[in-house]
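A.B. asks: Sharing a model prediction with you, sequence too.
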Amino acid sequence: MVQMSKIVVINGPNLNLLGSREPEVYGSTTLAELETEVVEWGTERGLDIDVFQSNHEGRVIDRLHEAGAKADGVVLNPGAFTHYSYAIHDAIAAIEIPTVEVHISNVMAREEWRRRSVVRPACVYTIFGRGIRGYRDALEHLVWRDASPPLTVAYGAESDQVADLRVPTGNGPHPVAIVLHGGLWRDIWTRDLTDGVAADLASHGWASWNTEYRRVGTGGGWPASVEDVEAAIDALAGIAKEHNLDLSQVIAVGHSAGGQLALAAAKRQSLVGVDVGSQVPIAGVIAVAPMADLESATSRRIGAERISDFLRDSDGEATPYTEASPAAMVPLGVPQVVIHGSGDDLVPADLSASYSAAAADAGDTIVYHEPAGADHYDLFHANSETRRLVLAELKRLQSE
């Protein structure tokens, strides 16, 4: 496999005005500052970054053509060309190298016309609403896509109802880790957050199923988001034979809000039972820095507004905590592992410690780890204590 080394970053019309144009929407970073940041991010990953900006459609197309001959990937912010330039769509399709579409603002929360992208179908991924961080995340996605290419499988009709399968080397059968990203259920945060985790799990012998789900802003919330998780898990039955997956060893690994979804999906499954042939049983859950107690988090103003948004159904009615909060669901009836760093200043570890104690008192088999000093994002660092604990607990759960 050829390692990705050169990436072209292209910015389209009006992005030369960054820093002065609607800073409340696009931020205060200038284009020059952005380009400097992008080059530095690339250097950290051993990438050669070439930056380019133009207000002219033809020049953007020409630069894409040049990238097709000389680069390994493209990060593209098409600006207003996003919404009507089929010529740019065709250029991306023609050069046949992976292109990630990036938008600084949350286009899905703005005018209706901004939500439409005609270039998106030609791109391998889209990132929006993260400010200039989106460019760094796009680079990361391209690197992981190159290092550990996923097979993206649709498990439903909606655009967010997809999951990335990475299968280990060897004949199998392969145990399966359902990977569920966090981001407080918001639409700007997607499964690229857990690309590195999913790739690492595959390198350690686990088929990883990095699952996207509808989120608040894209038709998600409660119960749609957890219903998507359940559907994604069920969809493994349709691909298990082809990829030699061991459906008796399916463990859900969720981070933050993804931890809440993993725990809730396990409970909901235990309530309805397992209909052999149509549903894949969850054999265990590993929840990392999870939002496991929504009521306590709300009372302590920990993501309270996001929790409220998540619990509001399509009719605007608030869902009771008892229906969606894992702390109100115990016992879940499946083995659980909760890992929560003592240095987490976003979701305090004592919420997970309290949840784990309550689950154990209710009769659940549960193991709690609190790695000293680990922050909310420790899972994302290779060789971190949290990552080591996840791998060790997967192995233990597999052997039980």
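C.D. replies: Arrived safely, thanks for sending.
A.B. asks: Skip the chain neighbours and tell me the closest residue to Asp344.
C.D. replies: His376 (4.6 Å; Cβ to Cβ, 6 or more residues apart in numbering). The way it works is simple: take the backbone N, C-alpha and C, and place the C-beta from them, glycine included.
A.B. asks: meant to ask about Asp187, not that
C.D. replies: Gly217 is the one closest to Asp187 (Cβ to Cβ, 6+ apart), at 3.3 Å.
A.B. asks: Tell me how many other residues surround the one you found.
C.D. replies: 16 (other Cβ atoms under 10 Å).
A.B. asks: And the pLDDT at it?
C.D. replies: Note on Gly217: pLDDT of 91.
A.B. asks: Gly273 now?
C.D. replies: pLDDT at Gly273 comes out at 56.
A.B. asks: The residue of the chain positioned farthest from its centre: which element?
C.D. replies: Here the chain has its C-alpha centre computed as a mean, and the residue farthest from that point, by Cα atoms, centre = their mean, is Gly58 with 33.8 Å. Per DSSP states H and E: Gly58 is located in helix 57-70.
A.B. asks: how far does that helix sit from the chain's center?
C.D. replies: Taking Cα atoms, centre = their mean, to the nearest Å, one finds helix 57-70 lying 30 Å from the centre of the chain it belongs to.
A.B. asks: now the angle between helix 57-70 and the helix or strand just after it, please.
C.D. replies: Downstream of helix 57-70, the next assigned helix or strand under DSSP H and E is strand 73-77. Angle of strand 73-77 versus helix 57-70, following axes from the mean of the first three to the mean of the last three Cα atoms, to 10 degrees, is 160 degrees.
A.B. asks: and the helix or strand following strand 73-77, which residues are buried?
C.D. replies: Counting by DSSP H and E, the element after strand 73-77 in chain order, helix or strand, is helix 86-95. Buried residues in helix 86-95, counted by 16 or more other Cβ atoms under 10 Å: 88-89, 91-92, 95.
A.B. asks: on that earlier part again, quick one: secondary structure of the residue nearest to Asp344?
C.D. replies: When classified by DSSP: H, G, I helix; E, B strand; the rest coil, His376 comes out as coil.
A.B. asks: residues touching it, list them.
C.D. replies: 256, 289, 341, 344-347 (Cβ atoms under 8 Å, 6 or more residues apart in numbering).
A.B. asks: can you tell me which residues contact Ile233?
C.D. replies: Per Cβ under 8 Å, 6+ apart, neighbours of Ile233: 178, 209, 250, 252, 265, 279-280, 282.
A.B. asks: Helices along the stretch 251-400 of the chain, start to end?
C.D. replies: For the stretch 251-400 of the chain, the helices defined by DSSP state H, counting those that start in this stretch occupy 257-272, 294-299, 304-311, 321-324, 349-361, 385-399.
A.B. asks: Give me the residues contacting the helix holding Gly58.
C.D. replies: 6, 8, 10, 12, 52, 54, 74, 76, 78, 81, 85, 87-88, 91-92, 94-97, 99.
A.B. asks: out of the residues you listed, which are buried?
C.D. replies: In the contacts of helix 57-70, the ones that pass as buried (16+ other Cβ under 10 Å) are 8, 10, 12, 52, 54, 74, 76, 78, 81, 85, 88, 91-92, 95, 97, 99.
A.B. asks: Identify, from the residues you listed, the entry nearest to Thr43.
C.D. replies: Val8 (15.3 Å; Cβ to Cβ).
A.B. asks: Phi and psi next, for the closest one.
C.D. replies: phi -100, psi 130 (degrees, to the nearest 10).
A.B. asks: Kindly state the beta-bridge partners for it.
C.D. replies: Asp50, Val74 (DSSP bridges).
A.B. asks: Test my guess that it contacts Ile92.
C.D. replies: No. If you go by Cβ atoms under 8 Å, Val8 and Ile92 don't touch, sitting 11.8 Å apart.
A.B. asks: any low-confidence regions in the stretch 151-300 of the chain?
C.D. replies: Scanning the stretch 151-300 of the chain for pLDDT under 70 picks out the ranges 272-278.
A.B. asks: Can you give the domain ranges for the chain?
C.D. replies: 6-142, 149-399 (automatic domain parsing).
A.B. asks: Can you say which of those is packed in most?
C.D. replies: For those, the largest average neighbour count (mean count of other Cβ atoms under 10 Å) is found in domain 149-399, namely a mean of 20.
A.B. asks: next one: that domain to chain centre, how far?
C.D. replies: 11 Å.
A.B. asks: Same check on stretch 123-141?
C.D. replies: With Cα atoms, centre = their mean, you get 12 Å for stretch 123-141.
A.B. asks: quick one: average confidence on stretch 331-339?
C.D. replies: Rounded mean pLDDT across stretch 331-339 is 97.
A.B. asks: Show me the strands in the chain, by range?
C.D. replies: 6-11, 48-53, 73-77, 99-103, 125-128, 151-154, 162-166, 174-180, 207-211, 245-255, 284-288, 336-339, 366-369 (DSSP state E).
A.B. asks: and the second one, what does it pack onto?
C.D. replies: What it means is strand 48-53. With contacts taken as 3 or more Cβ pairs under 8 Å, 6 or more residues apart in numbering; DSSP states H and E, strand 48-53 sits against strand 6-11, helix 31-44.
A.B. asks: can I get the CA coordinates of the shortest one in CSV?
C.D. replies: Once non-C-alpha atoms are left out, strand 6-11 reads as follows in CSV (Å, rounded to 0.1, in the frame of the first residue of the first chain):
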residue,chain,number,x,y,z
LYS,A,6,0.8,14.9,-0.8
ILE,A,7,-2.5,16.6,-0.2
VAL,A,8,-3.8,19.7,-2.0
VAL,A,9,-6.1,22.1,0.0
ILE,A,10,-8.3,24.2,-2.3
ASN,A,11,-10.5,27.1,-1.1
